[in-house]
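S.K.: okay, structure incoming, though there's no sequence with it:
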């Protein structure tokens with residue numbers, strides 16, 4: 001029988017030590033014949049230096065006598081069983097470090113295990129593969145003794161939920177631990193805002209709780225506070241909100257401050273007296289606020305100067321207060337003041353010079369724009385001229401009208417040569433005007449009456465004898481007065 005060996009031992013002469021029984025074949029050391037060792041059968045692999053897997057194997061040996069003995073002896077074969085025991089192997093679970101409470105549990109793979117005393121070039125985790133006759137190990141993570149859950153500050157147990165197996169090894173296992181660190185938790189005072197005179201609740205915000213947990217798992221959820229005073233009495237600005245008092249056995253708590261913003265409260269603005277009449281003084285509107293008595297800044301067309309002239313001004317009112325804010329817009333309308341004009345000096349006689357009416361305003365001192373027949377030129381010629389007076393300034397409204405009449409001046413005409421003796425030749429008279437140079441014309445009718453005309457004459461002068469003055473409107477500026485000759489009778 002062949003003694004058992006351990007996996008990893010190479011087959012050597014210690015195991016391959018067959019002999020022949022016949023003494024004759026052993027008496028000459030140079031003619032001992034040969035032994036051929038095979039595994040399993042005569043056709044199996046060579047046994048020399050082979051490493052057999054754990055279990056029972058068959059060794060096959062063939063004897064060939066030396067050639068000198070081959071006539072007397074024939075070859076022969078024999079088989080024998082050999083047992084290969086499993087080699088010892090230690091498989092350890094390495095300690096897991098850096099685990100924090102609430103993180104996903106690590107996956108510990110066979111490749112993460114510490115395997116000691118592998119031989120024959122074997123590798124892990126290949127030896128645990130079922131295809132190689134192994135059993136895959138499974139590592140279980142369980143709470144520390146005395147706990148039903150993973151708790152920070154303790155070490156979870158790492159053990160084999162399924163033991164590793166290998167075809168050629170007897171495995172000894174070793175468990176380990178996984179320290180659980182406290183989880184960092186940020187507790188922040190929530191930023192919030194409130195308007196002056198009001199109050200609000202201060203709350204906390206939590207960041208980095210373990211999945212499924214909230215403030216209810218903490219020994220103390222903490223609180224937020226403002227040390228500046230009662231919130232409703234704080235002036236508009238920003239204040240620090242402090243987070244305090246949060247604690248949990250599984251957590252390392254960091255408290256972070258927040259910001260309380262107190263904003264100005266809204267004020268209501270009422271604008272009155274926004275329609276006024278021009279009087280030459282600056283005009284302002286009346287402002288009331290709710291709450292009452294708040295200071296305000298009023299601008300007119302973007303400036304603070306009070307408007308004086310008639311017109312419409314864009315209005316903006318802004319509350320000027322430490323604790324309140326508000327804006328209102330509107331308009332201020334200054335209407336033109338009424339004015340009346342009395343027009344005088346309306347009757348004139350033509351003298352060739354321009355004639356001007358007098359204008360007196362009520363109220364006094366208001367400048368007027370005066371037109372004559374719709375224009376600015378003063379009238380000269382005789383006739384009726386439409387006079388209109390309107391205020392020059394847009395700060396006044398109103399108008400007056402009248403008629404300025406320039407009467408015609410009186411002109412004189414003297415006719416000479418109005419008595420002559422017929423001699424067969426044409427006869428003419430001479431017309432002389434005062435003022436001199438007025439155009440005249442003489443018409444001689446078939447009945448022997450002569451018509452002496454001054455251009456634009458509108459008066460008829462009856463004459464005795466054979467000559468008279470016509471009324472054919474020759475002059476616009478003069479009435480005609482005939483100067484008779486000594487022989488005429490009027």
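M.R.: Okay, I see it. Quick caveat: nothing in here was measured; it's all calculated off a predicted structure. Numbering: from 1, shown residues only.
S.K.: contacts only, for residue 205.
M.R.: By Cβ atoms under 8 Å, 6 or more residues apart in numbering, the contact set of residue 205 is 187-190. Where C-beta positions appear, they are placed from N, C-alpha and C, glycine not excepted.
S.K.: wait, is it part of a strand?
M.R.: Yes. Residue 205 sits within a strand when classified using DSSP: H, G, I helix; E, B strand; the rest coil.
S.K.: hey, what's it bridged with?
M.R.: Beta-bridge partners for residue 205, by DSSP bridges, are residue 188.
S.K.: what score does it have for pLDDT?
M.R.: pLDDT, residue 205: 98.
S.K.: re earlier: would you write a PyMOL line that selects the buried entries of the contacts of residue 205?
M.R.: Buried members of the contacts of residue 205 can be picked out in PyMOL with the line below, counting by 16 or more other Cβ atoms under 10 Å:
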select buried, resi 187+188+189
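S.K.: put together CSV for the contacts of residue 205, with pLDDT and distance to residue 124 on each row.
M.R.: Formatted as CSV, the contacts of residue 205 follow (pLDDT from 0 to 100; distance: Cβ to Cβ, whole Å):
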residue, pLDDT, distance to residue 124
187, 98, 46
188, 98, 48
189, 98, 53
190, 98, 53
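S.K.: from the contacts of residue 205, which two are the most distant?
M.R.: Spanning the widest gap among these are 187 and 190, at 10.4 Å by Cβ to Cβ.
S.K.: quick one, what contacts residue 93?
M.R.: 108, 113-114, 139, 158-160, 173-176.
S.K.: of the residues you listed, just the buried ones, PyMOL syntax please.
M.R.: To isolate the buried members of the contacts of residue 93 in PyMOL, using 16+ other Cβ under 10 Å:
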select buried, resi 108+113+139+158+159+160+176
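S.K.: got a pLDDT number for the residue of the chain positioned farthest from its centre?
M.R.: Each residue of the chain has a distance to the centre, and by Cα atoms, centre = their mean the biggest one is for residue 423: 116.6 Å. With respect to pLDDT, residue 423 scores 85.
S.K.: next: the one 10 residues further on.
M.R.: The pLDDT attached to residue 433 in the predicted structure is 83.
S.K.: between the contacts of residue 205, which is closest to residue 52?
M.R.: Once Cβ to Cβ is applied, the member of these that ends up nearest residue 52 is residue 187, at 66.3 Å.
S.K.: how about the contacts made by that closest one?
M.R.: Counting by Cβ under 8 Å, 6+ apart, residue 187 has contacts 204-206, 222, 243, 246, 253-256.
S.K.: could you do residue 392 as well?
M.R.: Taking Cβ under 8 Å, 6+ apart as the test, what residue 392 contacts is 366-369.
S.K.: let's see that with 6 Å instead.
M.R.: By Cβ atoms under 6 Å, 6 or more residues apart in numbering, residue 392 lies in contact with 367, 369.
S.K.: cool, and the one 5 residues further on?
M.R.: If you count contacts by Cβ under 6 Å, 6+ apart, residue 397 has them with 336, 338.
S.K.: mind listing the residues bridging to it?
M.R.: residue 338.
S.K.: list the buried residues in stretch 300-316.
M.R.: Quick answer for stretch 300-316 (16+ other Cβ under 10 Å): 300, 307, 310-311, 313, 315.
S.K.: what separation is there between residue 405 and residue 383?
M.R.: 8 Å (Cβ to Cβ, to the nearest Å).
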